[in-house]
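Visitor: sharing a model prediction with you, sequence too.
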Amino acid sequence: MKKLVAILISICMLLSVFVVGCGTKKDTEKPATTSETKKETTEQAKTEQAKKEDVTVTWSVTYKPELFKDFIDSFQTKNPNIKLECSFVPNENYAQVLRTQYAAGEGPDIAIAGLEEGKAGYLYDITNEPFMNNLTDTARYEATKGGKIWGLPVDTWMEGIVYNKKIFEKNNIQIPKTWDEFIAVCEKIKATGIKPLSCGDKEGFVGKQIIGVILTDAYAKNLSIEKDIEAGKTSYAKEWKKGFEKWYEIVKKGIITKDIVGMTYEEGINEFITEKSAMVGTGSWEVANMHSKNPNLDFGIFPFPSVDAGGKPWMLGGVATSFAVNKNSKHIPEVLKVLEYAATPEGDEKIIQGTKGGPTIKGVKGGVDPSLTGALEAVSDGRLYCPWSGFSKLGVEPMVLTMFKVNQEVLIGSKTVDQALADLDKAIQDALAKADKK
Amino acid sequence: MKKPIGIKRELQYEILVFPALVAYIIFFLIPSVETFRYSFTDWNGYSKTYSYIGLQNYVNIFNDISLISAIKNTLIFAIAYTILQNIVGMFLAVGLDSKLKSRNFLRMIFFMPSVFSSLIIGFIWSYILSSSEAGLFNYILKSVGMEFLKSSWLGDPKLAMNSIILVAVWQSAGWAMVIYLANLQSVPIEILESAEIDGANGWKKFYYITIRMMAPSITINSLVSMISGLKVFDYVVALTGGGPGYATETITTSIIRIAFKSGDFAYGSALAIIMFIVIFIIAIIQLNFLHKGEESVYNA
């Protein structure tokens, strides 16, 4: 009897929790549904809508939202009835957080997403929106996956070797064009008592720099290595071996030691910012941080030096941020207006002023940070590429995560370059087998 | 007349337990059951559809060589952590049970690290042990003239796991100390005195009496540290992130890497279920073994 009463009461309490839950939800949903019905009517009378309901478009980014203040302000003055709300999610957790939100039927209206989320059916297809014609050809090529574009590319990232101009000038050092010259430069700087190159590899990010060097050899000959691997025509063991082994000479010469696996990327950057080292492998995304942490630091960037004596240096990079539209968004027309503005030269310029990246929209004139001008020759010459975005069946994870691990194993000497590349090939084949099954 | 009072009294308890029960069901029980269900699917963690593939994930786990080092690392960590934490905790407890003037202060000092989140402790130590120019530990070694000892504490695969164990023991020895201290208060003084009359010295008293009377706290301490050692995640993530390579990857970090980063949620779930079963079995065996030890003390 006692038990029965207890159970009955607990059921009542449980129910009351749910009822309360439903009640509050309905209240919050109301304005959304009314604005939605309004949307349909506005298509006939657009001018009326501007005076009525304000719509809030939510937007999540991996950058500090303050960086986009200019963009948000000018968008809102142009569209007074749309409020743009920008929130920050750290890069390391971004995909994980977003995918969880999508799986729960939620998530921001605009997010940085692409192929994986699109294939899973969470994104609104923007391939044929008129503003997509504003994209530059390279940005369009990179963003198109299987005939579709899931996100509007708004900026590009570039990675190379960032150097301290003062130290270079003082020691009369020229920008190295080949990897041998680069090693000679490192040795020259080392002789003056300054650490030549800061690298933190606890997260495995040095893997990207190795790929940067490989670009000058393998990708200078064939840009579609990833598509060839998917087709079973070649392997990383074949294509990357020469570049990877050339890079490894810097370890053999003792300029990079295995100790770098014990420090973080961030610590490497801080060494460079505090002028304890002459160079660091990083790129456009770090520029704003470097300017703000040490305003007196005079730095520039140069592309990854080439493997062969006759080769040309390359930048690692490609589309950085792509704005994708949530299929479950309640205000698709308003969201598209934001993308439309981002796809104008004016809007894109404001975005890259925040992210310090390169443009993706035709006709953008300003915006590139002066410290990045050293990259522009290579970029305008088409020597800018990002191998892991070259897959058409896979996301970036299988290649990038494996490369982050195996480069550490090569550095600490537990694996040879050949074994590391065999591991990489295996990870790609496993992922392909899984992707084919679905 | 009696019944209504009975119900009223019972209800007080039910109501008090209720919120916790709801939280337990929503945040633990339902997700656990769901994990079990997902382990039989091929769900990637975010797609809308998935299909059931039976025991395929479990079969794959036993064929996955890369997990063997994760299992090895987990066992090394759990065993070393259990033994060291309890030995250090025991010595601290016995030492601080003596009539030192500063003993309350020292107890507080040694217990303090356990108050903080292990993730925070991990990040702080990762700066201390860093091999960068700013790494504090190497800097100290250099400034006292012991530069030959300078190492890449977290970047050398031979040292990295030891560094993680060191940090974990440093943080949690104080916790074990507190439990041992509590148990030490209940060791009957009569037994110790009669042993003294029989001619036992300090070490013999400790070995034959104190340590045996502490059997209950040894049971609970070693069980708790064994289980948390097998589940270790936060120290590894904060200190090495599983690296260099896969050198400090444990079962839990592998689960997170597979389930959330590589987008193979179902496979990660199957691994989690296996880990649950293994920990369960180890805990039962350990409990039985230690209980026998306890019984032998009181029956002797």
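Guide: Yep, it's here. Numbering: from 1, shown residues only, chains lettered A, B, ... in the order given.
Visitor: for the residue in the stretch 201-300 of chain B positioned nearest to chain A, which non-adjacent residue is spatially closest?
Guide: Sorted by distance to chain A under Cβ to the nearest Cβ, the residues of the stretch 201-300 of chain B start with B:Gly245, at 3.7 Å. For every residue, glycine as well, the C-beta is placed using N, CA and C. Spatial nearest neighbour of B:Gly245, chain neighbours left out: A:Glu409 (3.7 Å); criterion: Cβ to Cβ, 6 or more residues apart in numbering or on different chains.
Visitor: repeat that for A:Ala320.
Guide: Closest to A:Ala320 by Cβ to Cβ, 6+ apart is A:Trp157, at 3.7 Å.
Visitor: what packs against the helix or strand harbouring the one you found?
Guide: Here A:Trp157, judged by DSSP states H and E, is contained in strand A:151-164. Taking 3 or more Cβ pairs under 8 Å, 6 or more residues apart in numbering or on different chains; DSSP states H and E as contact, the helices and strands that strand A:151-164 lies on are helix A:137-143, helix A:206-214, strand A:277-283, strand A:299-302, strand A:315-325, helix A:332-342, helix A:345-355.
Visitor: buried residues, the helix or strand just after that strand. List them.
Guide: Heading C-terminal from strand A:151-164, the first helix or strand you meet, by DSSP H and E, is helix A:165-170. The neighbour-count criterion (16 or more other Cβ atoms under 10 Å in any protein chain shown) identifies A:167-168 as the buried residues of helix A:165-170.
Visitor: any part of helix A:165-170 near chain B?
Guide: No. Contact between helix A:165-170 and chain B, assessed by Cβ under 8 Å from any Cβ of the partner chain, is absent, since the two come no nearer than 15.6 Å.
Visitor: need the three-state assignment for the closest residue to A:Leu394 other than its chain neighbours.
Guide: When the adjacent residues along the chain are set aside, A:Leu394 lies closest to A:Ala431, with 5.4 Å between them (Cβ to Cβ, 6+ apart). Secondary structure of A:Ala431, reduced to three states by DSSP: H, G, I helix; E, B strand; the rest coil: helix.
Visitor: which ones are touching residue 194?
Guide: In the absence of a named chain, chain A is used. With contacts taken as Cβ atoms under 8 Å, 6 or more residues apart in numbering or on different chains, A:Ile194 has the following neighbours: A:167, A:276-278.
Visitor: okay, it: pLDDT?
Guide: At A:Ile194 the predicted local distance difference test score is 92.
Visitor: now swap in A:Ala45 and tell me
Guide: For A:Ala45, the predicted pLDDT is 47.
Visitor: ok, now A:Val17?
Guide: 42.
Visitor: ok, back up a step: among the contacts of A:Ile194, which pair sits farthest apart?
Guide: For the contacts of A:Ile194, with distances taken as Cβ to Cβ, the pair at the greatest spread is A:Ile167 and A:Lys276 (10.7 Å).
Visitor: residue contacts, the closest residue to chain B within chain A?
Guide: Per Cβ to the nearest Cβ, A:Gly262 is where chain A lies closest to chain B, at 2.5 Å. When contacts are counted by Cβ under 8 Å, 6+ apart, A:Gly262 touches A:202, B:129-131, B:135, B:152-156, B:160, B:244.
Visitor: if you set the cut-off to 7 Å instead, what comes out?
Guide: Contacts of A:Gly262 were listed using Cβ atoms under 7 Å, 6 or more residues apart in numbering or on different chains, and they are A:202, B:130-131, B:152-156.
Visitor: try A:Ser224
Guide: If you count contacts by Cβ under 7 Å, 6+ apart, A:Ser224 has them with A:Gly390.
Visitor: sorry, back to before: from memory the residue nearest to A:Leu394 sits against A:Val396, does it?
Guide: No. Under the criterion of Cβ atoms under 7 Å, A:Ala431 lies out of contact with A:Val396, with a separation of 10.8 Å.
Visitor: worst mean pLDDT across the helices and strands of chain A, which element?
Guide: Counting by mean pLDDT, DSSP states H and E, the weakest-scoring helix or strand in chain A turns out to be helix A:2-42, with a mean of 45.
Visitor: tell me how many other residues surround B:Ser114.
Guide: Burial measure for B:Ser114: 17 neighbouring residues, criterion other Cβ atoms under 10 Å in any protein chain shown.
Visitor: nothing else from me, thank you.
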